[in-house]
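Engineer: Sequence and predicted structure are below.
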Amino acid sequence: MAFIKENYKQIVSRVSVANAGLVAVSKIRSVPEILEAYNEGQRDFGENYVQELMEKFNALPKDIRWHFIGHLQTNKIKTILPLTFLIHGVDSEKLLGAINKEAKKINKKISCLLQVHIAQEATKFGFNEEEILHISLEKYPFINICGLMGMASLVDDRDQIRNEFKKLSAMFDKMKPVFSKAISPVLSMGMSDDYDIALEEGSNLVRIGSLLFGQRGVK
């Protein structure tokens with residue numbers, strides 16, 4: 001798996017220049033693949049599926065910081081809270097309330113990002129700008145809201161992608177004073193196909209899978 005080592009070096013070099021962090025998207029990746037990246041120094045990994053996260057949490061080193069980056073269902077919250085460093089996709093006040101309720105039961109403050117709908121696809125989840133600017137954070141004392149996350153439209157038009165990232169970056173700057181200081185304020189945007197644009201527009205955390213591990217099934 002030498003390709004992971006080479007890909008990792010190139011990605012980290014680019015991300016580091018922008019003073020940003022990297023979440024290696026490890027969903028549907030094998031334990032040996034994850035260990036290859038881990039042995040190169042990677043500690044932040046992102047998972048979409050609760051069962052898979054549980055299996056990998058038990059099988060892999062305990063200093064890994066697991067990020068839940070999938071669409072979180074309320075009936076799965078109780079399971080993932082003890083496992084995750086950061087939940088990326090909190091996309092509704094209903095979900096905020098459910099996380100806060102479960103976090104209170106275990107007396108643990110949970111770090112989360114609010115997902116903003118910046119793309120044109122209706123299938124994407126998230127708050128709109130007006131909703132997110134009027135969330136009463138004090139209603140959720142067991143949640144550390146540490147920043148924002150968003151995904152650009154899946155299009156070839158890089159100007160459109162850039163404009164969507166600009167919108168989210170401006171919103172992040174506006175809200176930065178109210179974010180929890182549990183971790184440094186996070187603007188999570190940019191994936192394998194568009195992370196270069198995201199970094200240019202102010203992202204400080206990118207989520208990269210295929211560019212690091214290769215296309216699934218291709219070695």
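Structural biologist: Perfect, thanks for sending it. Residues are numbered from 1 along each chain as shown.
Engineer: Look up how far residue 92 lies from the residue lying closest to residue 126 once chain neighbours are set aside.
Structural biologist: Leaving aside its sequence neighbours, residue 126 sits nearest to residue 117 (Cβ to Cβ, 6 or more residues apart in numbering; 3.5 Å). For glycine as for every other residue, the C-beta is placed from the backbone atoms N, C-alpha and C. Noted for residue 117: a distance of 11 Å to residue 92, by Cβ to Cβ, to the nearest Å.
Engineer: Check the contact between residue 195 and residue 208; I expect there is one.
Structural biologist: Yes - using Cβ atoms under 8 Å, residue 195 makes contact with residue 208 at a distance of 6.1 Å.
Engineer: on that earlier part again, among residue 117 and residue 92, which residue is more densely surrounded?
Structural biologist: residue 117 (20 against 15; other Cβ atoms under 10 Å).
Engineer: hang on, the earlier thing: between residue 117 and residue 92, what contacts are shared?
Structural biologist: Common contact partners of residue 117 and residue 92 (Cβ atoms under 8 Å, 6 or more residues apart in numbering): 125, 127.
Engineer: other SSEs contacting the lowest-mean-pLDDT helix or strand in the chain?
Structural biologist: Every helix and strand in the chain was compared by mean pLDDT, DSSP states H and E; the lowest is helix 129-133, with a mean of 85. The contact analysis (3 or more Cβ pairs under 8 Å, 6 or more residues apart in numbering; DSSP states H and E) places helix 129-133 against helix 158-175.
Engineer: which other residues reach the helix it packs on?
Structural biologist: 116, 118-120, 129, 132-133, 147-148, 150, 152-153, 155, 185, 187, 189-190, 194, 197-198, 200-203.
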